[in-house]
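**Student:** coords please:
(one chain, ligands or ions: 3)
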Amino acid sequence: TVPRSKGLRDAEHQRASRIPSQFSQEERVAMKESLKGAIQIPTVSFNPGEFNTTALAEFGEYMHKVFPTVFRTSFIQHEVVGEYSHLFTVQGSDPSLQPYMLLAHIDVVPAPDQGWEVPPFSGLERDGFIYGRGTLDNKNSVMAILQALELLLIRNYIPRRSFFIALGHDEEIVAPGSISAGVRGTWGSEDLSPPPGKGCPARLHVDEGSFILDGFIPSLKKPFAMVSVSEKGSLDLMMEVNMTPGHSSAPPKETSIGILAAAVSRLEQTPMPNMFGSGPLKMTLQQLANEFSFPANVIFNNLWLFWPLVSRLMERDDITNALVRTTTAVTMFNAGIKVNVIPPVAQATVNFRIHPAQTVQEVLKLAKDIVVDDRVQFHVLEAFEPLPVSPFDDQALGYQLIRQTIQSVFPEINIVAPGICIAQTDSRHYTNLTTGIYRFNPLYLQPQDFSGIHGINERISVQAFETQVKFLFEFIQNADTEQRPVSHLHEL
Ligand SMILES: CCCCCCCC/C=C\CCCCCCCC(=O)N[C@@H](CCCCN)C(=O)O
Ligand SMILES: [Zn+2]
Ligand SMILES: [Zn+2]
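**Tutor:** Residues are numbered from 1 along each chain as shown. Ligands and ions are numbered 1, 2, ... in the order given. Next up is the predicted model:
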């Protein structure tokens, strides 16, 4: 008999053992209530070492409560890393298939009540939406990943391809990333060959960091899925001015506050150079070109000619501006001790998000050339270079698995394009483990929803969360393909 080709057997196997992503009404109610319960636990991380440890510990217990099957399944190992992060190793039946990793984070940024329609840690449901800090960033992913696994296990699913679930508790702060530090510690930070029994380090990661984008580009009426194959770098720069304190009845010409305020103002008034055309954005727009209406489709199909116009148009909106340049955000200003005392010190912190065509050092030098005042001291608090571009061609297993799952769960979406994440994710800690790092949240996002991330009235629709669970339910099964990742060397 002629042996079946591996591919055919693989496809047949996939079809034969496929578990349909249909959930009972009871399961659908339970999953939304589980998300609400997660939102109600205030796992806020403030600054390095400043976490709500009570809430983080409570969240660990909560996961055991709502996902009992995950925790009692023999082929799933659960480890607590760095006291409050969680690493699940799901052992597949075919050890020859290289594993992958699903990343999400438990911690959230603070959320003062002011401006919220409902209390930010209430998890209240209104008009089909669940409100709360973390509903988009990023407890939705924590809960959707574990929920999908729980539902698969209840249906007697056994994975062929091993995978890891890494749930960090310090993603939102300046930190080495305990879960990734813990994982590197377990797997060996430089050595890609793992210790015995730990399984190969994951060859692809899927994390937060992009969405199905709807309404972000004028004249692009249709939503499209952008899978972030890279992410901007970051530079947290603290600027400081020190002066001799004194009586405010005889003030100097300039105080430390005045000097620093002028420096900060110069930074804000002098945007970093527009780098349109160097980085993934041009690729994203070229893939979208035919989705635009006339005359935009002509413009985006001829960027060689129209790029100056496009780069100027993209500057107009805060979000698309973040795609064409290194952004400058003055986020903290602390100074003064008393109304009648000349302030001895003034400090301001600037958060730069670095375009892939620039480096930390280049941005630091540009900032100094803009401030141009020797009385202002520069202190780098944290810095990360822009990440390399992950492969996204037909051979890129991770990208193709995401694309395949998008097309099955969101059949109405006909464009999946690679792009760049304008924010940072924990995936930046894993660049020494894999080149296949992808950032995608299977949710529709409109500009007004983006303002909820780290802002007020962050919310997710019940339907969107259920679809996110469905996506992961499908993705985990799609990953059971026998296809093997191909090592890539990729230049944009
Ligand atoms: C051409 C199409 C237009 C693209 C429009 C992009 C719209 C924005 C989409 C996604 C942005 C990702 C936001 C969600 C992830 C945020 C993760 C986060 O908050 N990370 C923190 C990490 C902080 C680490 C300590 N420094 C952050 O970036 O601040
Ligand atoms: Zn996040
Ligand atoms: Zn965040």
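
**Student:** the strands in the stretch 201-350 of the chain, which residues?
**Tutor:** 204-207, 212-213, 224-231, 233-242, 246-247, 327-335, 341-342, 345-354 (DSSP state E, counting those that start in this stretch).

**Student:** out of those strands, which comes closest to residue 129?
**Tutor:** strand 212-213 (16.9 Å; Cβ to Cβ). To be clear about C-beta, it is placed using only N, CA and C from the backbone, and glycine gets the same treatment.

**Student:** Any idea how many residues pack against residue 384?
**Tutor:** Using other Cβ atoms under 10 Å, the number of residues around residue 384 comes to 17.

**Student:** Please apply the same query to residue 216.
**Tutor:** 18.

**Student:** and the gap between it and ligand 2?
**Tutor:** 19 Å (Cβ to the ion, to the nearest Å).

**Student:** do residue 289 as well
**Tutor:** Counting by Cβ to the ion, the gap from residue 289 to ligand 2 is 31 Å.

**Student:** wait, that residue sits on residue 301?
**Tutor:** Yes - using Cβ atoms under 8 Å, residue 289 is in contact with residue 301, at 4.5 Å.

**Student:** re the thing from before, kindly reformat the strands of the stretch 201-350 of the chain as CSV containing distance to ligand 1 and mean neighbour count.
**Tutor:** Shown next, in CSV, are these (distance: least, Cβ to the nearest ligand atom, whole Å; neighbours: other Cβ atoms under 10 Å):
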stretch, distance to ligand 1, mean neighbour count
strand 204-207, 9, 28
strand 212-213, 5, 23
strand 224-231, 6, 26
strand 233-242, 6, 20
strand 246-247, 37, 12
strand 327-335, 10, 15
strand 341-342, 33, 16
strand 345-354, 8, 21
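
**Student:** out of the ones you listed, which comes closest to residue 376?
**Tutor:** strand 233-242 (5.2 Å).

**Student:** How about the contacts made by the residue in the chain that ligand 1 sits nearest to?
**Tutor:** Ligand 1 sits closest to residue 423 of the chain, with a gap of 3.3 Å, by Cβ to the nearest ligand atom. Shown in contact with residue 423 (Cβ atoms under 8 Å, 6 or more residues apart in numbering): 209, 231, 232, 353.

**Student:** For it, which three-state class applies?
**Tutor:** Per DSSP: H, G, I helix; E, B strand; the rest coil, the secondary structure class of residue 423 is coil.

**Student:** nearest to residue 471, of the contacts of residue 423?
**Tutor:** Closest approach to residue 471 among the contacts of residue 423 (Cβ to Cβ): residue 209, at 15.0 Å.

**Student:** List the single closest residue to that closest one in space, sequence neighbours excluded.
**Tutor:** Spatially, and ignoring its direct neighbours in sequence, residue 209 is nearest to residue 439 (2.6 Å; Cβ to Cβ, 6 or more residues apart in numbering).

**Student:** Repeat that for residue 450.
**Tutor:** Leaving aside its sequence neighbours, residue 450 sits nearest to residue 319 (Cβ to Cβ, 6+ apart; 6.5 Å).

**Student:** Give me the pLDDT for that neighbour.
**Tutor:** We have a pLDDT of 91 for residue 319.

**Student:** From residue 446, how far out is it?
**Tutor:** Using Cβ to Cβ, to the nearest Å, residue 319 is found at 11 Å from residue 446.

**Student:** Please enumerate the shared neighbours of the two.
**Tutor:** Common neighbours of residue 319 and residue 446, using Cβ under 8 Å, 6+ apart, are residue 216.

**Student:** give the contact list for the closest residue to ligand 2 within the stretch 301-450 of the chain.
**Tutor:** Nearest to ligand 2 in the stretch 301-450 of the chain, going by Cβ to the ion, is residue 425, at a distance of 6.5 Å. Residue 425 is in contact with 103, 171, 207, 208, 209, 231, 439, counting by Cβ under 8 Å, 6+ apart.

**Student:** got it, and residue 241?
**Tutor:** Residue 241 neighbours (Cβ under 8 Å, 6+ apart): 256, 257, 259, 260, 263, 345, 346, 375, 376, 377.

**Student:** I figured residue 223 hits residue 444, correct?
**Tutor:** Yes - here residue 223 reaches residue 444: they are 6.1 Å apart, a contact under Cβ under 8 Å.

**Student:** Name the residues contacting each of the two.
**Tutor:** Common neighbours of residue 223 and residue 444 (Cβ under 8 Å, 6+ apart) are 212, 214.

**Student:** can you put the contacts of residue 241 in TSV and add pLDDT?
**Tutor:** Below are these laid out as TSV (pLDDT from 0 to 100):
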residue	pLDDT
256	98
257	98
259	98
260	98
263	98
345	98
346	98
375	98
376	98
377	98
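
**Student:** Would you list the buried entries among the residues you listed?
**Tutor:** 256, 257, 259, 260, 263, 345, 346, 376 (16 or more other Cβ atoms under 10 Å).

**Student:** Tell me the confidence at the residue of the stretch 301-450 of the chain closest to ligand 2?
**Tutor:** pLDDT, residue 425: 91.

**Student:** cool, the one 5 residues further on as well?
**Tutor:** The predicted local distance difference test score for residue 430 is 87.

**Student:** I figured it hits residue 204, correct?
**Tutor:** No - with contact defined as Cβ under 8 Å, residue 430 does not count as touching residue 204 (9.8 Å).

**Student:** any shared contact partners between those two?
**Tutor:** 101, 437.

**Student:** picking that back up, for the contacts of residue 425, give me JSON lines that also has pLDDT and distance to ligand 2.
**Tutor:** As requested, those are exported to JSON lines (pLDDT from 0 to 100; distance: Cβ to the ion, whole Å):
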{"residue": "103", "pLDDT": "95", "distance to ligand 2": "10"}
{"residue": "171", "pLDDT": "91", "distance to ligand 2": "5"}
{"residue": "207", "pLDDT": "88", "distance to ligand 2": "9"}
{"residue": "208", "pLDDT": "91", "distance to ligand 2": "5"}
{"residue": "209", "pLDDT": "91", "distance to ligand 2": "8"}
{"residue": "231", "pLDDT": "95", "distance to ligand 2": "11"}
{"residue": "439", "pLDDT": "96", "distance to ligand 2": "10"}
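
**Student:** Having no further points to raise, I will conclude here.
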